[in-house]
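[1] kindly return the folded structure for what I paste below:
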Amino acid sequence: MVQDFKYKPIASNHKKYSQTIENGTELKLKDGKGSFNLFKEAKQEQIFYFNNNSCNVVSIQIVPATDTANIRINNIISPSKNTDGPFGRNIDYGLSENGVYEIVIGESSIKGYPFQGNYTLNVQLK
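    Sure thing, here's the model as predicted:
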């Protein structure tokens, strides 16, 4: 199931999946996974949270509409506030702690034009 999230209310035929989301919102994972349709403004850094209770790895995938889009996982921040990154669009990241992790999504400052548009964020705890 894919959930639609934007920073503005969504006009959609699938209203039960449409929500308003802001930076700092927890991603609601069902059975340890979730797929979220998102919109990003140019030069905007987005931060999303997920809670890890017992898993060892999180798989994160960013899927933009085009392969040339300048978007990536900038950082992963652990519950103890250790920061790691930058990464690309896909990562299997080891989870050494239980608690709330942050995923920071943005652009590479050296890769090209700022990205604005829709993308899908897939998250799975393993």
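
[2] for the residue lying closest to G88 once chain neighbours are set aside, give its distance to P79.
    Nearest non-adjacent residue to G88, counting by Cβ to Cβ, 6 or more residues apart in numbering: R72, 5.6 Å away. Where C-beta positions appear, they are placed from N, C-alpha and C, glycine not excepted. Relative to P79, R72 is positioned 22 Å away (criterion: Cβ to Cβ, to the nearest Å).

[3] same check on Y49?
    Distance from Y49 to P79, by Cβ to Cβ: 10 Å.

[4] ok, N52 next?
    For N52, the distance to P79 equals 8 Å [Cβ to Cβ].

[5] returning to what we had before: list the contacts of the residue nearest to G88.
    62, 86-89, 105-108 (Cβ atoms under 8 Å, 6 or more residues apart in numbering).

[6] which one of those is nearest Y119?
    Using Cβ to Cβ, I62 comes nearest to Y119 of those, at 5.8 Å.

[7] contacts only, for the closest one.
    71-73, 89-90, 105, 119-122.

[8] rerun at 7 Å
    By Cβ atoms under 7 Å, 6 or more residues apart in numbering, I62 lies in contact with 71-73, 89, 105, 119, 121.

[9] so which of those is the closest to S35?
    Among the contacts of I62, and counting by Cβ to Cβ, the member closest to S35 is L121, at 7.4 Å.
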